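J.: requesting a structural model of the entry that follows:
(chains A and B)
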Amino acid sequence: MDTAMLIEKSALVLLLFLISLGVAAYQTYFERKLAAWIQDRVGPDRAGPFGILQPIADGTKMFLKEDFIPAKADKWLFIIGPGISMFTALITSSVIPWGTNLNLFGRDISLQVADFNIGILFVFGVVSIGVYGIMIGGWASNNKYSLYGAIRASSQMISYELAMGISAITIVMLTGSLSLNDIVQSQHGMNWNVFYQPLAFFIFFITSLAELNRAPFDLPECESELIGGYHTEYSSMKLGLYLFSEYTSMFVSSAIMAVLFFGGYNFPGMDAFSGNTLAILSIAAFALKIFLFIFVIMWIRWTIPRFRFDQLMHLGWKVLIPVAIVNMLITGLVVAWNQGWM
Amino acid sequence: MESLTNRKKVVSDKPMTLWEKIYIPAIVGGMMTTMRHMLRRRKTIKYPEETRVFAPVYRGQHVLKRDEQGRENCTACGLCAVACPAEAITMTSAERVKGEEHLYREEKYASSYEINMLRCIFCGLCEEACPKEAIFLTDRIVTTEFERDEFIYAKDKLVEAVDDRIDITKRQFTGKRTDK
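T.: Residues are numbered from 1 along each chain as shown, chains lettered A, B, ... in the order given. Reported below is the predicted structural model:
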């Protein structure tokens, strides 16, 4: 690895870090606006024009709050909890190909920090670790509501990760590769996976909502039953980190859904462009897809009520997993037939 | 019982059909509803910048009127205080002495007249009871204060200034009265 490569990757990592945080910050603003619109309100409009500075005001407020650690809490785990959440939310963005290669200073720069050949496994692995942030936080708080939230988060995770993985396997079967870069390149132009695997996408989308702890699967933090769920005892920027990591995960999950099913940075008519124009357009196309996913996720949150816990389990184990397995088997048969293995 | 609205719906606990069980149609329907609301025009009035247009019959802070020559209309008859359901009005009357004819219209006047704005329910019965067209409710809003005492408005706040008359024409009854 030469120095230029090191600089290039470091710059990309830093840029992704800043973009993830910036996007997460403005997601909070957008979420509040969207909620307001859906509820026939105006939403935040006092801080700056159209309330555009609201996230900064919110962040400042978070920092100015008292950072409280309960007396009987496990101090170190209590501190580590939000850190793990944020870390796992941020690190997933490293394997996502954000666009075609950009040509800068005579170098071909790949817009993917690390092109693992097991990219998709890496994503699932890291996302699964994300629940530890919630579990550790809920456990360390020494509060029954927090513990309930944490237990719900972990059981939800177990129930939905299965269906999520099985539906993602169909994409791996179609592409024949675990690398996210290969998956994106196989969907060149308009050849998106969602047209071959609508059912898998559907399951993946639902389970993503559950993984994100977003409504209608926001049982770990449901205010009406568990006060705040796993972050009941948290305050100041630790709470801020938890909330922030949720939005960062939402951004990254939207990106992963776009990569797996909606062609990543591919867009129809992309062959007409080349070089940096193509790179910039592909980034824009990818950003648009991510934005649409974020919009739909928020739209769902402000539309439908929360599932009851038994309904959640029923949906996960008795509906999504069987459907995902059947879908996987059929895909496998079709792939085998096409390959001439049968 | 005969239903009063057309929104009556018979509730049953029959098991859900498959169509209902897959949730999706209901969810999509709900999302369409929220989308409609999203695209709807906001009805919010952003208060400090915009203000609501008051109805002509809005009942706000009271005014004690003077006549055209600047004399107080009120004769301290006490009918407003009697009519007041919240018992917010108190007054003391005094006899007009010589040399005060330019101040008070009739021989008797209110030497003090107080309305407790915290008690007042702005019903307008005082205005209705007044035989001298002396008290009216206006479209002015009673401002907030920090002390309860400051909500007891005395004559200095209630009587209109000679050179700064309060327009109450919108509230004056123009139709034909049958009861008076």
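
J.: assign residue 47 to helix, strand or coil.
T.: Reading this off chain A. coil (DSSP: H, G, I helix; E, B strand; the rest coil).

J.: so what pLDDT did it get?
T.: Note on A:Ala47: pLDDT of 84.

J.: my read: it touches A:Leu53, true?
T.: Yes. A:Ala47 lies in contact with A:Leu53 (CB atoms under 8 Å); the separation is 4.1 Å. For the C-beta atoms, the positions are set from N, CA and C on the backbone; glycine is no exception.

J.: A:Ala73 is in contact with A:Asn142, correct?
T.: Yes. Counting by CB under 8 Å, A:Asn142 touches A:Ala73, with 4.9 Å between them.

J.: who has more neighbours, those two?
T.: A:Ala73 (20 against 15; other CB atoms under 10 Å in any protein chain shown).

J.: follow-up on the earlier one: now list whatever residues contact both of A:Asn142 and A:Ala73.
T.: Counting by CB atoms under 8 Å, 6 or more residues apart in numbering or on different chains, the contacts common to A:Asn142 and A:Ala73 are A:Glu233.

J.: now the stretch 1-150 of chain A, which segments are flagged as low pLDDT?
T.: Within the stretch 1-150 of chain A, the ranges that satisfy pLDDT under 70 run A:1, A:106.

J.: could you pull out the helices for chain B?
T.: Secondary structure of chain B (DSSP state H): helices at B:18-21, B:24-39, B:79-83, B:125-129, B:155-158.

J.: closest one to chain A among those helices?
T.: Closest approach to chain A among the helices of chain B (CB to the nearest CB): helix B:24-39, 4.5 Å.

J.: for that closest one, what is the average pLDDT?
T.: Per-residue pLDDT over helix B:24-39 has a mean of 88.

J.: buried stuff in that helix?
T.: B:30-31, B:34 (16 or more other CB atoms under 10 Å in any protein chain shown).

J.: leaving out sequence neighbours, find the closest residue to A:Tyr17.
T.: If you look again at residue A:17, you'll see it is Phe, not Tyr. Leaving out its chain neighbours, the residue that sits closest to A:Phe17 by CB to CB, 6 or more residues apart in numbering or on different chains is A:Leu90, at 6.4 Å.

J.: hang on, that neighbour packs against A:Ile19?
T.: No. A:Leu90 is beyond contact range of A:Ile19, at 10.6 Å (criterion: CB under 8 Å).

J.: check contacts around the residue nearest to the spatial centre of chain A.
T.: Centroid-nearest residue in chain A: A:Ser253, 2.2 Å away (criterion: CA atoms, centre = their mean). A:Ser253 makes contact with A:127, A:208, A:211-212, A:293, according to CB under 8 Å, 6+ apart.

J.: go on, A:Leu260?
T.: A:Leu260 is in contact with A:120, A:168, A:171, A:183, A:193, A:201, A:204, counting by CB under 8 Å, 6+ apart.

J.: still on that earlier bit, surely the residue nearest to A:Phe17 is within a helix?
T.: Yes. Under three-state DSSP, A:Leu90 falls within a helix.

J.: from A:Val252, how far off is it?
T.: 8 Å (CB to CB, to the nearest Å).

J.: any common contacting residues for the two?
T.: A:Ser20.

J.: quick one, which of those two is more surrounded?
T.: Comparing A:Leu90 with A:Val252 by other CB under 10 Å, the one with more neighbours is A:Val252, at 29 against 22.

J.: report pLDDT for the more buried one.
T.: The model's pLDDT for A:Val252 equals 87.

J.: quick check: nearest residue in space to it, chain neighbours excluded?
T.: Counting by CB to CB, 6+ apart, A:Val252 lies nearest to A:Thr92, which is 4.6 Å off, once chain neighbours are set aside.

J.: my read is that the one you found contacts A:Gly125, right?
T.: No. Applying CB under 8 Å, one finds A:Thr92 not in contact with A:Gly125, separated by 9.6 Å.

J.: more neighbours: those two, which one.
T.: Legend: neighbour count by other CB under 10 Å for A:Thr92 and A:Gly125, higher for A:Thr92 (25 against 12).

J.: what about residue 8, how many neighbours?
T.: All of this is about chain A. Look at A:Glu8: counted by other CB under 10 Å, it has 19 neighbours.

J.: if you could check chain B rather than the one you did, that'd help
T.: 8.

J.: next: the one 4 residues further on.
T.: Residue neighbour count, defined by other CB under 10 Å, stands at 5 for B:Ser12.

J.: let me see the ranges of the strands in chain A.
T.: All strands of chain A, identified by DSSP state E, fall at A:102-104, A:107-109.

J.: my bad, chain B
T.: For chain B, strands defined by DSSP E occupy the ranges B:62-64, B:89-95, B:108-116, B:135-137, B:152-153.

J.: contacts only, for residue 137.
T.: I went with chain A, as the question did not name one. So A:Gly137 contacts A:77-78, A:81-82, A:85, A:146, A:150, A:230-231, A:234, A:242 (CB under 8 Å, 6+ apart).

J.: wrong one, I was asking about chain B
T.: B:58-63, B:122, B:124, B:127, B:171.

J.: ditto for B:Tyr113
T.: B:64, B:74, B:76, B:89-91, B:154-155, B:158-159.

J.: now it: how far from A:Glu246?
T.: In terms of CB to CB, B:Tyr113 sits 61 Å off from A:Glu246.

J.: do B:Leu39 as well
T.: 27 Å.
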